[in-house]
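Asker: Pasting a predicted model and its sequence here:
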Amino acid sequence: MSEPIIEIKNVKKEYKMFKNKQARLVEAVFPFVHNHETFSAIDDLNVNINKGEVLGILGKNGAGKSTLLKMITGVVSPTSGELNVNGKISSLLELGAAFNPELTGEENIYQHGQVMGLTNEQIESTKQDIINFADIGDHLYQPVKTYSSGMFARLAFACAINVDPDILIVDEVLSVGDMAFQLKCFKKFQQFKEKGKTILYVTHNVADVLENCSRVIILNSGKKIYDGDVKEGVEKYKKLITGMLDKDRCKEQEFQEVEEESKWKKNFDLNPNMIVYGTGEVKILDYGIFNEKDEPVPAMYNDEEITIKLKARFLKDIECPTFSITIKDFIGKEICGTNTNIQKLYTGSCKKGEEYICEFKQKLMLAPGKYTLSISCSKFGVDGEVVPINRNYDALFFEVMSKKIVVGYFATDTKVEFKKV
């Protein structure tokens with residue numbers, strides 16, 4: 001195990017919360033008067049981050065993610081605990097924070113470099129790379145206060161990314177500018193990964209986390225509730241944001257009960273580590289993938305029409321439940337999926353004790369490989385939010401084959417013509 005490049009030991013960050021301005025003034029004038037409540041943004045956090053790790057930091061809004069990054073970058077100080085950073089940091093946390101709006105873009109390149117601790121020679125050596133990356137033309141020689149928000153973000157991102165840090169901190173900023181600029185941003189991000197840089201990556205896009213990260217931590221109300229494998233962490237995060245993280249404990253055992261012998265799923269390679277949760281108002285009794293002859297097919301060609309079936313029993317009356325399917329690759333990245341709501345199928349009023357079969361017919365035009373099938377039933381709550389009833393993540397494994405070479409994720413149904421003019 002390599003030496004930690006970032007050490008976080010028993011770190012707390014607390015903020016004073018005053019009821020009003022008068023309460024703040026009273027405590028300022030009389031420091032011995034305790035006239036506030038305390039809010040813990042980070043509470044007793046312990047994390048070691050090793051050199052070369054790409055750490056995904058997940059959590060709901062207000063979980064403490066940005067506070068943690070600000071402490072690591074030195075923008076704010078911990079209330080207590082110990083935080084050691086052993087390397088140079090480039091932060092994409094607050095783009096353009098070092099910019100002076102009265103200075104030109106070119107002048108701000110120098111100012112940003114000096115704030116980063118670079119010498120004039122080092123700034124000169126990277127200046128042209130920054131200019132090329134930002135690609136804002138003659139606006140570079142105009143005051144930054146005249147820039148559009150897009151031009152400002154492009155220059156700020158170019159300044160932050162075109163350095164050689166030991167640690168890169170990315171907080172939901174890889175979507176600045178147009179599509180061509182975003183592509184440059186992601187390529188630069190990949191270059192940092194390939195060089196073995198340590199990267200802290202905060203995003204709500206779990207697909208990016210699955211693709212880029214080697215480890216995940218989840219924060220909730222300032223506390224670390226998970227630290228470990230990326231795929232497992234993403235599934236736990238999904239439970240967290242749907243409000244099922246604590247509720248599912250009393251339901252999982254009920255889901256695991258064997259009610260009757262399966263006719264469908266016994267023909268497939270089932271996932272022993274399937275993640276199941278929900279309110280438990282519906283039980284999914286059976287599921288499987290079938291060909292046009294209604295035969296179970298654990299493997300199929302991508303030009304064949306197949307039907308994904310699931311059978312459910314309602315334990316309570318549910319108005320217009322939504323049934324869904326999701327296909328993922330083996331690292332947990334969602335490849336495609338749909339549901340009855342997207343397909344504009346009205347499922348109606350389903351009564352307690354009734355059983356239904358839902359079928360999804362399609363061709364899985366995927367690249368050859370192994371995939372997982374997730375199935376679920378959900379409903380809309382009183383405020384329009386999605387409430388999971390019975391979610392079966394990565395329920396079974398299946399394989400897609402192809403009669404043609406496939407480039408990328410999907411097999412295109414292409415017809416090619418070649419004519420002499």
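Answerer: Looks like it arrived, so ask away. Fair warning: this is a prediction, and the values are worked out from it, not measured in the lab. Numbering: from 1, shown residues only.

Asker: in the stretch 101-250 of the chain, which segments are predicted with low confidence?
Answerer: The stretch 101-250 of the chain contains residues with pLDDT under 70 at 172-179, 242-250.

Asker: Let me see the ranges of the helices in it.
Answerer: Assigned by DSSP state H, counting those that start in this stretch, the helices in the stretch 101-250 of the chain fall at 105-115, 120-134, 149-161, 179-194, 206-212, 230-241, 249-256.

Asker: Quick check: which of the ones you listed is buried the most?
Answerer: Most buried of the helices of the stretch 101-250 of the chain, by mean neighbour count (mean count of other CB atoms under 10 Å): helix 149-161, with a mean of 22. Every C-beta, even on glycine, is put in place using the N, C-alpha and C of the backbone.

Asker: in a helix, that's where residue 63 is, yeah?
Answerer: No: counting by DSSP: H, G, I helix; E, B strand; the rest coil, residue 63 is not found in a helix; it is coil.

Asker: Please give me every residue in contact with it.
Answerer: 218, 219, 220, 221, 222 (CB atoms under 8 Å, 6 or more residues apart in numbering).

Asker: can you redo those residues as JSON lines with distance to residue 128 and neighbour count?
Answerer: JSON lines is the format used below for those (distance: CB to CB, whole Å; neighbours: other CB atoms under 10 Å):
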{"residue": "218", "distance to residue 128": "41", "neighbour count": "23"}
{"residue": "219", "distance to residue 128": "39", "neighbour count": "26"}
{"residue": "220", "distance to residue 128": "45", "neighbour count": "17"}
{"residue": "221", "distance to residue 128": "46", "neighbour count": "14"}
{"residue": "222", "distance to residue 128": "43", "neighbour count": "21"}
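
Asker: I'd say residue 273 and residue 394 touch.
Answerer: Yes: contact criterion CB atoms under 8 Å: residue 273 and residue 394 qualify, at 7.5 Å.

Asker: More neighbours: the two, which one.
Answerer: Just comparing residue 273 and residue 394: by other CB atoms under 10 Å the higher neighbour count belongs to residue 394, 20 against 9.

Asker: which residues does the more buried one contact?
Answerer: Contacts of residue 394 by CB under 8 Å, 6+ apart are 271, 273, 274, 275, 328, 332, 372, 373, 374.

Asker: Quick one: buried ones out of the residues you listed?
Answerer: For the contacts of residue 394, a burial check counting by 16 or more other CB atoms under 10 Å picks out 271, 274, 275, 328, 332, 372, 373, 374.

Asker: in which helix or strand would I find residue 303?
Answerer: Using DSSP states H and E, residue 303 sits within no helix or strand.

Asker: What residue, apart from its backbone neighbours, is nearest it spatially?
Answerer: Closest residue to residue 303 apart from its sequence neighbours, by CB to CB, 6 or more residues apart in numbering: residue 363 at 6.4 Å.

Asker: give me the beta-bridge partners of the one you found?
Answerer: residue 305 (DSSP bridges).

Asker: What about it, how many residues nearby?
Answerer: Here the count is done by other CB under 10 Å, and residue 363 has 14 residues near it.

Asker: Would you mind listing the residues in contact with it?
Answerer: For residue 363, the contact set (CB under 8 Å, 6+ apart) comprises 302, 303, 304, 305, 306.

Asker: Out of the buried ones among the contacts of residue 394, which sit inside strands?
Answerer: If you go by DSSP state E, those have 275, 328, 372, 373, 374 in strands.

Asker: a markdown table for those residues, including pLDDT and distance to residue 7?
Answerer: Shown next, in a markdown table, are these (pLDDT from 0 to 100; distance: CB to CB, whole Å):
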| residue | pLDDT | distance to residue 7 |
| --- | --- | --- |
| 275 | 84 | 32 |
| 328 | 93 | 35 |
| 372 | 94 | 37 |
| 373 | 96 | 42 |
| 374 | 95 | 38 |
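
Asker: Just the closest of those to residue 205, please.
Answerer: Residue 205 lies nearest to residue 328 out of those, by CB to CB, at 14.9 Å.

Asker: Would you mind listing the residues in contact with the nearest residue to that closest one once chain neighbours are set aside?
Answerer: Excluding its sequence neighbours, the residue lying closest to residue 328 (CB to CB, 6+ apart) is residue 372, at 4.9 Å. By CB under 8 Å, 6+ apart, the residues touching residue 372 are 271, 327, 328, 329, 330, 394, 395, 396, 397, 398.

Asker: one more time with 10 Å, if that's ok
Answerer: Residues near residue 372 by CB atoms under 10 Å, 6 or more residues apart in numbering: 269, 271, 274, 326-330, 332, 335, 393-398.

Asker: For it, give its distance to residue 308.
Answerer: From residue 372 across to residue 308, the span is 12 Å (CB to CB, to the nearest Å).

Asker: hey, what's in contact with both of those two?
Answerer: Counting by CB under 10 Å, 6+ apart, the residues touching both residue 372 and residue 308 are 327, 398.

Asker: sorry, back to before: may I see the contacts of residue 363 organised as JSON lines, with pLDDT and distance to residue 47 added?
Answerer: Putting the contacts of residue 363 into JSON lines (pLDDT from 0 to 100; distance: CB to CB, whole Å) gives the following:
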{"residue": "302", "pLDDT": "93", "distance to residue 47": "43"}
{"residue": "303", "pLDDT": "92", "distance to residue 47": "48"}
{"residue": "304", "pLDDT": "94", "distance to residue 47": "48"}
{"residue": "305", "pLDDT": "95", "distance to residue 47": "49"}
{"residue": "306", "pLDDT": "96", "distance to residue 47": "44"}
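
Asker: Make a PyMOL selection of the buried ones in these.
Answerer: The buried residues among the contacts of residue 363 can be selected in PyMOL (16+ other CB under 10 Å) with this line:
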select buried, resi 302+306
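
Asker: Just give me the closest of the contacts of residue 363 to residue 103.
Answerer: The nearest member of the contacts of residue 363 to residue 103, counting by CB to CB, is residue 302 at 56.0 Å.

Asker: Contact partners for that closest one?
Answerer: 363-368, 400-404, 406, 410-411, 413.

Asker: quick one: which of those is nearest residue 380?
Answerer: Once CB to CB is applied, the member of these that ends up nearest residue 380 is residue 364, at 28.3 Å.

Asker: so who does residue 322 touch?
Answerer: Remark: with contacts taken as CB under 10 Å, 6+ apart, residue 322 is in contact with 339-343, 345, 347, 358, 376-380, 386-387, 389.

Asker: likewise residue 62?
Answerer: Counting by CB under 10 Å, 6+ apart, residue 62 has contacts 41, 219, 220, 221, 222.

Asker: ok so, going back, what about burial for the contacts of residue 302, which qualify?
Answerer: With neighbours counted using 16+ other CB under 10 Å, these contain these buried positions: 364, 365, 366, 367, 400, 406, 411.
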